[in-house]
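Participant: here are the coordinates; sequence isn't available:
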Ligand code: SF4
């Protein structure tokens, strides 16, 4: 028996192909909203992650990128290893103190606006490695936006953390990065 194959999914009425628009006022022939919301919508659905994977959590991230969980569904399939082009630093794995300056260097090379996600217990807090050589959380050297608990976190948790980042990105004001609080935060990390 042959299996029915639908080649043209645009013909299906129950398939949502379009992301909902930002909040605003609309009427016949017009739609009004704020620039912040439009930019937020575009940014949150086109994040370019930079995976900084040092150990086992990186393997879990590979599963998240695979066809079953498929991070591409969130507009983030363009994983890059060039800090200049990426806007989300995903740190996954144990970060030794010796590697701290490298993580910071990568963060500094990313252009604003940039976000940071600490995946797993090691990146978030040092995890089980409470030793002299391991950094007890990457927030000792760079600001973190979202922490994903677990050792390792399952791909579902990674997706959940990623969606939290998307929420932040979507709601972020264009001016926050120029604000005093943000500058204070950067100064506290020795980043001017
Ligand atoms: S949190 Fe667990 S799984 Fe992730 S890098 Fe650390 S030890 Fe490995």
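Facilitator: It's in. This one's a predicted model, so the numbers in the text were calculated from it and none came from an experiment. Numbers count the residues shown, from 1 in each chain.

Participant: for the record, mean pLDDT for the longest helix along the chain?
Facilitator: Assignment by DSSP state H gives helix 155-171 as the longest helix of the chain. Averaged over helix 155-171, pLDDT sits at 95.

Participant: so what does that helix touch, helix or strand wise?
Facilitator: Secondary-structure packing of helix 155-171 (3 or more CB pairs under 8 Å, 6 or more residues apart in numbering; DSSP states H and E): helix 35-44, helix 56-65, strand 115-119, strand 146-148. To be clear about C-beta, it is placed using only N, CA and C from the backbone, and glycine gets the same treatment.

Participant: buried residues in it, which are they?
Facilitator: Within helix 155-171, the residues scored as buried using 16 or more other CB atoms under 10 Å are 155, 157, 158, 159, 161, 162, 165, 166, 169, 170.

Participant: what about residue 182, how many neighbours?
Facilitator: Using other CB atoms under 10 Å, residue 182 has 15 other residues around it.

Participant: nearest residue to it other than its sequence neighbours?
Facilitator: residue 176 (5.7 Å; CB to CB, 6 or more residues apart in numbering).

Participant: separation between that neighbour and the ligand?
Facilitator: Relative to the ligand, residue 176 is positioned 30 Å away (CB to the nearest ligand atom, to the nearest Å).

Participant: going forward, count from 722.
Facilitator: Taking 722 as the first residue, the last one we looked at is residue 897.

Participant: how close does that residue get to residue 819?
Facilitator: 33 Å (CB to CB, to the nearest Å).

Participant: where do the helices of this structure begin and end?
Facilitator: Taking DSSP H to define them, one finds helices in the chain at 756-765, 777-786, 821-830, 841-846, 876-892, 901-909.

Participant: get me the contact residues on the chain for the ligand.
Facilitator: 776, 777, 778, 814, 815, 841, 842, 843, 848, 872, 873 (CB under 6 Å from any ligand atom).

Participant: can you tell me which of those residues are buried?
Facilitator: Buried among the residues of the chain next to the ligand by 16+ other CB under 10 Å: 776, 778, 814, 815, 841, 842, 843, 848, 873.

Participant: what does the pLDDT read for the residue nearest to residue 745 when sequence neighbours are not counted?
Facilitator: Nearest non-adjacent residue to residue 745, counting by CB to CB, 6+ apart: residue 754, 3.0 Å away. Residue 754 carries a pLDDT score of 89 in this model.
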